[in-house]
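J.: Curious how this folds, go ahead:
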Amino acid sequence: MSLFEIVLLAGIGFLAGACNAVVGGGTLFTFPVLLALGLPPVTANASNTVALWPGNIGAVQAYLPEIKSRLGGMRVRVAVVSLGGLIGGLLLLVSGNAVFFKAVPWLLSVATLLFTFSRPLVRKVFAASPHAKRTKLLLSLEFFSAVYGGYFGAAVGIILMSAMALGGEHDTHLANAQRNFLVCFINGVAAILFMCMGIVRWNVALTMMAGAIIGGYCGGYIARLIPSEILRHIITAAGASFAVYYFYRAYG
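T.: Numbers count the residues shown, from 1 in each chain. Here you go, the predicted structure:
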């Protein structure tokens, strides 16, 4: 890698780590940059998953008290989302670069829309869902969310939050804690699969990972300097721009 690429990857990793710590949406920055650097789409997605995984683990540590309050029902859910993440990762490997590249602009569009409208979406789902916990529905929704997460991953946390709302979880803080915990397993299983299959570009992943770890630690300080709403608008604009660009690349 050139010095420019090293600086770019570390910088975009830092930005993704900080964004994920503050409002989420880091993948909407990192994945298009990896494509722009010439990585095949599947390799770019796999390397991105591995690079950003440590940030998920850090988020779990911050939510340990809330997670412990829900441990009783987490074992089955962890098994379900781990299986879903594995299936999603396998689908990525089977689909190959050509199919995945055609899907990229659609995935970016969906992820951007989910990120942009996540707050009103989750509020409406919370308001509409019954108080009784519907375990089967929750497990089914979390499974399909995990399949999507293993395949691509951007905005999977928002899908999980909506699934938990429909399943009867009305405490936003507890839902967010569980979301971080489950995403750790979804991305973790997918990351291990990608590593075992040898499709991770390690020099790229490790460089971006270093930036992401530092960015995650600095996210709290950045949150004080940049209002979260402004950062959300920046991420939305970036995601929309990347989606338009890759629609042109794939279908233009």
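J.: Quick one: distance of the helix or strand hosting residue 6 to the chain centre.
T.: Take DSSP states H and E as the rule and residue 6 turns out to sit in helix 3-22. Here the centre of helix 3-22 is set off from its chain's centre by 15 Å, with C-alpha atoms, centre = their mean, to the nearest Å.
J.: for the helix or strand just after that helix, packing partners?
T.: Downstream of helix 3-22, the first helix or strand assigned by DSSP H and E is helix 27-36. The elements that helix 27-36 packs onto, with contact taken as 3 or more C-beta pairs under 8 Å, 6 or more residues apart in numbering; DSSP states H and E, are helix 3-22, helix 41-62, helix 74-116, helix 228-251. Heads up, the C-betas are built off the backbone N, CA and C, glycines and all.
J.: which one of those helices is the most hemmed in?
T.: Burial of these is given as mean neighbour count (mean count of other C-beta atoms under 10 Å); helix 41-62 ranks first at a mean of 23.
J.: ok, now which ones touch residue 215?
T.: By C-beta atoms under 8 Å, 6 or more residues apart in numbering, the contact set of residue 215 is 13, 14, 15, 16, 17, 18, 19, 21.
J.: same question but for residue 96, I mixed them up
T.: Residue 96 is in contact with residue 42, counting by C-beta under 8 Å, 6+ apart.
J.: same check, this time on residue 62
T.: Each residue near residue 62 by C-beta under 8 Å, 6+ apart is listed here: residue 180.
J.: Check residue 135 too.
T.: So residue 135 contacts 73, 167 (C-beta under 8 Å, 6+ apart).
J.: try 10 Å
T.: Residue 135 makes contact with 73, 76, 77, 167, 168 under the criterion C-beta atoms under 10 Å, 6 or more residues apart in numbering.
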